[in-house]
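Trainee: Quick one, what's the 3D model for this:
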Amino acid sequence: MKNWFIFTLFVVIISGCSSETTTREEDYIPIPYQLEIPTLFAEKLIDPRIPINNKLTVEGVTLGKRLFFDNILSVDGTKACASCHLPQNAFSDPNQFSQGVTTTLGTRNSMPLFNLAWNFDDKYFWDGHALGLENQALEPVIDTNELGNDSWEPVEAKLNNHEEYPKLFKQAFGTSVITKQLVAKAIAQFERTLISGNSKFDKFSNGEISLTPQEQNGLNIFMSEDKGDCFHCHGNPNNPLWTDNQFHNNGLDATFSDLGLGLISGNPNDNGKFKSPSLRNLAYTAPYMHDGRFATLEEVIEHYSTGLQDSDTIDTLMKKVDQGGVQLTTEDKADLKAFLLTLSDPTFINNPDFIQQ
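Mentor: Numbers count the residues shown, from 1 in each chain. I've put the predicted structure just below:
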């Protein structure tokens with residue numbers, strides 16, 4: 001009788017522990033993640049865009065980072081999101097076109113990833129065809145020339161059968177059943193933490209340091225309609241994003257092999273229009289333009305100075321297209337480049353929170 005009592009008590013204790021453990025797991029509440037918003041962003045921009053159904057949490061961001069760097073998302077286990085978005089290149093690709101799991105190259109340059117939480121129009125890719133960062137994150141996994149899966153089903157199966165991922169998704173989203181939507185949510189959470197706001201120019205704007213005379217003259221050229229005339233598409237010191245996140249035909253071609261926004265909208269007036277990239281981190285994001293045609297900043301500046309190509313859809317902001325460009329002097333070009341480089345942020349590409357450990 002005594003032995004039976006001891007056995008019964010043992011079973012009750014074990015059951016209680018198991019029930020308590022289960023309850024703790026089910027009741028686990030993710031920790032809210034606080035974005036580190038630069039002072040200038042807080043002063044000059046509205047609050048970042050965070051979907052109400054995908055609030056940032058410590059667990060979600062951590063999970064998203066792991067997925068971003070994990071080859072498990074590719075069909076053959078050889079590529080990850082980070083294969084074409086390298087942290088040391090401000091999450092862009094130093095190659096003109098990225099190579100996924102096949103030997104076939106893409107047709108557009110890999111866009112850098114930072115300050116995405118302030119993309120208020122919420123349109124992604126060079127042609128803006130993805131609405132929402134979560135939708136953007138879904139596509140590379142099933143792109144033949146990127147991560148190469150025929151569908152999301154085998155990826156979901158690999159993740160659900162993984163020894164760690166179900167528990168991590170349980171902690172982040174309250175369920176251990178992994179779906180493509182939750183994968184995209186996690187990756188989007190991590191990507192929204194990629195904030196770059198500590199360049200030399202940011203420190204100048206905060207009154208911490210001064211610009212050199214050459215850099216200051218470069219800013220003046222950038223802001224002058226009679227010289228660089230760059231600010232219409234890329235903003236000014238009151239817009240620390242350094243992009244309008246809009247779509248423009250900036251005079252790259254007279255005829256188009258890639259229709260850009262026009263292919264998505266179906267409107268011929270949009271042919272040849274592509275998203276204006278941020279001018280931040282240009283020191284790390286070569287080559288430039290949607291097709292990576294320019295290897296250096298000098299080539300980019302020369303394009304706007306003497307290389308504009310007219311077409312039916314060229315932006316009206318390209319006011320000097322009839323002259324081939326803004327016709328900068330050699331000194332102006334050098335000064336403009338010096339200013340543009342002040343927008344690069346070395347702390348961003350070396351931030352341990354953004355690098356695979």
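Trainee: OK, contacts around the closest residue to Lys55 other than its chain neighbours?
Mentor: Distances taken as Cβ to Cβ, 6 or more residues apart in numbering place Pro32 nearest to Lys55, at 7.0 Å, with adjacent residues excluded. Yep, even glycine has a C-beta here, placed from its N, CA and C like the rest. By Cβ atoms under 8 Å, 6 or more residues apart in numbering, the contact set of Pro32 is 55-58.
Trainee: now those in a markdown table, with pLDDT?
Mentor: Converted to a markdown table, the contacts of Pro32 look like this (pLDDT from 0 to 100):
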| residue | pLDDT |
| --- | --- |
| Lys55 | 98 |
| Leu56 | 98 |
| Thr57 | 98 |
| Val58 | 98 |
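Trainee: Out of these, who's the most crowded?
Mentor: Leu56 (23 neighbours; other Cβ atoms under 10 Å).
Trainee: For the nearest residue to that one once chain neighbours are set aside, give me its contacts.
Mentor: Spatial nearest neighbour of Leu56, chain neighbours left out: Tyr33 (3.9 Å); criterion: Cβ to Cβ, 6+ apart. Tyr33 is in contact with 56-58, 60-61, 189, 193, counting by Cβ under 8 Å, 6+ apart.
Trainee: Roughly how far does Tyr33 sit from Tyr124?
Mentor: Tyr33 sits 21 Å away from Tyr124, going by Cβ to Cβ, to the nearest Å.
Trainee: which residues sit in contact with the most centrally placed residue in the chain?
Mentor: In the chain, the residue lying closest to the centroid (Cα atoms, centre = their mean) is Leu113, at 2.1 Å. Residues counted as contacts of Leu113 (Cβ under 8 Å, 6+ apart) are 85, 90-92, 191, 194.
Trainee: which phi and psi does it have?
Mentor: Backbone dihedrals for Leu113, given as degrees, to the nearest 10, come out at phi -120, psi 110.
Trainee: got it, and Lys273?
Mentor: Main-chain dihedrals, Lys273, degrees, to the nearest 10: phi -100, psi 140.
Trainee: Counting neighbours, what do you get for Asn161?
Mentor: For Asn161, using other Cβ under 10 Å, the count is 10.
Trainee: so how far is Asp270 from the residue lying closest to Pro30 once chain neighbours are set aside?
Mentor: In space, and not counting its chain neighbours, Pro30 is closest to Thr57: 3.6 Å by Cβ to Cβ, 6+ apart. From Thr57 across to Asp270, the span is 38 Å (Cβ to Cβ).
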